[in-house]
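>>> sharing a sequence plus its predicted fold:
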Amino acid sequence: DTGVSQDPRHKITKRGQNVTFRCDPISEHNRLYWYRQTLGQGPEFLTYFQNEAQLEKSRLLSDRFSAERPKGSFSTLEIQRTEQGDSAMYLCASSPRQGHIQYFGAGTRLSVL
Amino acid sequence: DAKTTQPPSMDCAEGRAANLPCNHSTISGNEYVYWYRQIHSQGPQYIIHGLKNNETNEMASLIITEDRKSSTLILPHATLRDTAVYYCIVRVTLSAQGAQKLVFGQGTRLTINP
């Protein structure tokens, strides 16, 4: 499968714990996006990487959230001191250098108890 | 700050054409219209996009009005597997490097009935 891969697919954690999600974009896609989707709503933009540089962050991305893409390939999204309001689907998308279509992974569903 | 308006839900009989409308009256001259769909528990899937001409691919057709204030996505022969939430999106440019964030609304929940 050469699509966008996200791991894990599901994560259940207790309030206050830290969690980390991974996204592997389509090979050679230099642009990578993170979105968050809560129940019944459309996805909301969180942050954008071009290669290893994080070029844009939404105000939705509080100080407890951090994203990295150290070598310009895979990316991680970490949430520290999780809260119940962080429960959502976290989606990753990638697009090629010359293209504009974003290809999404299946997402990581986070449940904070 | 979604720039599009869609009906919350629609039904269509299997085998018939599904026509999904979208209003984007504030669209700018250089903004594209994108359509994505999301099947339950999956990530959004790209369907089609257009600027001002009608477009067709293996999945669907996109009809954009001459004033570009609205569009219609057409699934010519709907199947049960087309049941999904369909999002009409106007692309938002983020930076000089050409990055875009997609601003999703709540979409249209399309149900294909046997």
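That came through, no problem.

>>> contacts, neighbours, all on C-alpha from now
Fine.

>>> show me what contacts the residue of chain B found nearest chain A?
Per C-alpha to the nearest C-alpha, residue B:43 is where chain B lies closest to chain A, at 4.4 Å. By C-alpha atoms under 8 Å, 6 or more residues apart in numbering or on different chains, residue B:43 lies in contact with A:91, A:104-107.

>>> those strands in chain B, which residues are they?
Applying DSSP state E to chain B gives strands spanning B:9-13, B:18-23, B:33-38, B:45-50, B:55-56, B:61-64, B:70-75, B:84-90, B:92-93, B:100-101, B:108-113.

>>> hey, least reliable of those by pLDDT?
Taking the mean pLDDT of each of these, the lowest value is held by strand B:92-93, a mean of 64.

>>> what residues are up against residue A:24?
Applying C-alpha under 8 Å, 6+ apart to residue A:24 gives the contacts A:4-6, A:73-75.

>>> turn these into a markdown table, including neighbour count.
Listed next are the contacts of residue A:24 as a markdown table, based on neighbours: other C-alpha atoms under 10 Å in any protein chain shown:
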| residue | neighbour count |
| --- | --- |
| A:4 | 23 |
| A:5 | 21 |
| A:6 | 24 |
| A:73 | 18 |
| A:74 | 20 |
| A:75 | 22 |
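
>>> and the furthest pair within the residues you listed?
Taking C-alpha to C-alpha, the two most distant members of the contacts of residue A:24 are A:6 and A:73; they sit 13.0 Å apart.

>>> so which elements touch the lowest-mean-pLDDT helix or strand in chain A?
One helix or strand of chain A scores below all others by mean pLDDT, DSSP states H and E: strand A:53-57, with a mean of 89. Judged by 3 or more C-alpha pairs under 8 Å, 6 or more residues apart in numbering or on different chains; DSSP states H and E, the packing partners of strand A:53-57 are strand A:44-50.

>>> try it again with 10 Å
Judged by 3 or more C-alpha pairs under 10 Å, 6 or more residues apart in numbering or on different chains; DSSP states H and E, the packing partners of strand A:53-57 are strand A:31-37, strand A:44-50, strand A:65-68.

>>> buried set for stretch A:12-30?
Applying a neighbour-count criterion of 16 or more other C-alpha atoms under 10 Å in any protein chain shown, one finds A:13, A:15, A:19, A:21-26, A:29-30 buried in stretch A:12-30.

>>> what about the strands in chain A?
Using DSSP E, the strands assigned to chain A run over residues A:5-7, A:10-13, A:19-24, A:31-37, A:44-50, A:53-57, A:65-68, A:75-79, A:88-95, A:103-104, A:108-112.

>>> okay, residue 107: pLDDT?
No chain specified, so I'll use chain A. pLDDT, read off for residue A:107, is 97.

>>> wrong one, chain B
94.

>>> what residues does chain B put near chain A?
Contact residues, chain B versus chain A (C-alpha under 10 Å from any C-alpha of the partner chain): B:2, B:34, B:36, B:38, B:41-49, B:85-87, B:91, B:94-95, B:97-107.

>>> what subset of those residues is buried?
The neighbour count (16+ other C-alpha under 10 Å) marks B:2, B:34, B:36, B:38, B:43-49, B:85-87, B:91, B:99-107 as buried among the residues of chain B next to chain A.

>>> returning to that earlier point: okay if I get the contacts of residue B:43 as TSV plus neighbour count?
Listed next are the contacts of residue B:43 as TSV, based on neighbours: other C-alpha under 10 Å:
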residue	neighbour count
A:91	27
A:104	26
A:105	25
A:106	22
A:107	30
